[in-house]
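In: what's the 3D shape of this:
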Amino acid sequence: MTRIALLAVAAPLVLLGACGPDGSSAPAAPAKPAHVLTDAEKASLLAALPGPYDQGDLENGRRAFARCRSCHTIGEGGADMTGPNLHGVFGRKAGSRPRYAYSNALRSADFTWDADRLDHWLQNPRTFLPGNKMTFPGLPDAKDRRDIIAFLKVETGYQPPATPAS
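Out: Okay, the predicted model is just below:
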């Protein structure tokens, strides 16, 4: 291809690339980066959790959650993988994350995720809800489960209920 022919093909593509998403020449506004929690914010969130999760070890929870990262993301807007993204999981109806292909068992489950249910799920997913498609065998160690739940509450947007003013 000659230089002139190459320029004739490339020039319109370069001009289109300068357009905003609506076809205007104004560039799109950059996406706002997610807020990264400081250690002080994490400590404050941890202290506000109900017991026993307020005693969780976030570093151990992060390490223990490494077993889960091959299937789950936790950041806001994170991708679904083999398992669904877990951001906002606490307080969400089981099997209700949009666009995720849940098993029939989870789609028809009639509960909302809370710390106690997640603790039982993590202990043994197959006996907690027979027929689900999670292949993870479970975590027998109660401290690891407590720490993962505390870690998830801090890292996935959980907001403890507001305490009434006195």
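In: ok, Pro52 to Arg145 distance?
Out: Going from Pro52 to Arg145 by Cβ to Cβ, to the nearest Å gives 10 Å. (Glycine included, C-beta is placed from N, CA and C.)
In: more neighbours: which of these two?
Out: Arg145 (22 against 14; other Cβ atoms under 10 Å).
In: list the contacts for that one?
Out: 119, 122-123, 139 (Cβ atoms under 8 Å, 6 or more residues apart in numbering).
In: out of these, which end up buried?
Out: Among the contacts of Arg145, those classed as buried by 16 or more other Cβ atoms under 10 Å are 119, 122, 139.
In: show me where this protein has its helices.
Out: Per DSSP state H, the chain carries helices over the ranges 3-17, 39-48, 58-65, 104-107, 115-123, 125-128, 142-155.
In: closest one to Thr135 among these?
Out: Comparing those against Thr135 with Cβ to Cβ, the closest turns out to be helix 125-128 (8.5 Å).
In: and the closest one, how far from the chain's centre?
Out: Relative to the centre of its chain, helix 125-128 is centred 21 Å away, using Cα atoms, centre = their mean, to the nearest Å.
In: can you list contacts of that helix?
Out: Contacts of helix 125-128 (Cβ under 8 Å, 6+ apart): 117, 120-121, 132, 134, 136-138.
In: can you rerun that using 7 Å?
Out: Helix 125-128 has contacts (Cβ atoms under 7 Å, 6 or more residues apart in numbering) with 120-121, 132, 134, 136, 138.
In: what residues of it count as buried?
Out: Neighbour counts over helix 125-128 (16+ other Cβ under 10 Å) mark 125, 128 as buried.
In: kindly report the same for stretch 153-165.
Out: Using 16+ other Cβ under 10 Å as the test for burial, stretch 153-165 gives 153-158.
In: what's near enough to touch the residue nearest to Gly91 when sequence neighbours are not counted?
Out: Nearest residue to Gly91, sequence neighbours excluded (Cβ to Cβ, 6 or more residues apart in numbering): Thr112, at 6.2 Å. By Cβ under 7 Å, 6+ apart, the contact set of Thr112 is 91-94.
In: tell me the mean pLDDT over stretch 100-116?
Out: Throughout stretch 100-116, pLDDT has a mean value of 95.
In: buried stuff in that stretch?
Out: Across stretch 100-116, burial judged by 16+ other Cβ under 10 Å covers 102, 105-106, 109, 113, 115.
In: can you check stretch 78-94 too?
Out: By 16+ other Cβ under 10 Å, the buried positions in stretch 78-94 come out as 80, 83-87, 89-90, 94.
In: noted, bye for now.
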